[in-house]
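Engineer: When you get a sec, could you give me coordinates for this:
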Amino acid sequence: MMFAKLAKHVRIKPRAAARPTVEEQRHLDRVASMICIGCGAWKVEIHHAMKVPGKIRRRDNRFVVPLCAECHRGDSGVHGLGSEAAFKLKTGVDIAENAIDLWENRHV
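Structural biologist: Numbering: from 1, shown residues only. Here you go, the predicted model:
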């Protein structure tokens, strides 16, 4: 019995993120050492900003902010609320603006 050759899967979206460059990794490490921009908690996770003008990849390692687990993945966090816009309405924190500011001031 012969089987038809299956077509290879073609990725529709690019991979989530390329390996960070040395400069990006330094930036990620620096942001990971900051306090949460939503509530001021010390233990944070890195959130890749989604709506940033000039962003290259889906998860661009340049545009990140520090968020605690609750502000990142909790019910009242970015992903729990469903969008960065909803998080801004609830907390007054503009994630894209903060991500751009952190990247532009990374050498200060």
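Engineer: roughly how far apart are Arg73 and Val52?
Structural biologist: 20 Å (C-beta to C-beta, to the nearest Å). For every residue, glycine as well, the C-beta is placed using N, CA and C.
Engineer: Could I get the full set of helices for the protein?
Structural biologist: Ranges of helices in the chain, per DSSP state H, are 22-32, 69-73, 78-81, 84-91, 95-104.
Engineer: For those, give me a markdown table that also has distance to Arg62, mean neighbour count and mean pLDDT.
Structural biologist: Formatted as a markdown table, the helices of the chain follow (distance: least, C-beta to C-beta, whole Å; neighbours: other C-beta atoms under 10 Å; pLDDT from 0 to 100):
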| stretch | distance to Arg62 | mean neighbour count | mean pLDDT |
| --- | --- | --- | --- |
| helix 22-32 | 6 | 14 | 96 |
| helix 69-73 | 18 | 18 | 97 |
| helix 78-81 | 18 | 18 | 95 |
| helix 84-91 | 16 | 16 | 95 |
| helix 95-104 | 5 | 18 | 95 |
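Engineer: out of everything not next to it in sequence, what's closest to Phe78?
Structural biologist: Residue 78: Val, not Phe. Phe87 (4.6 Å; C-beta to C-beta, 6 or more residues apart in numbering).
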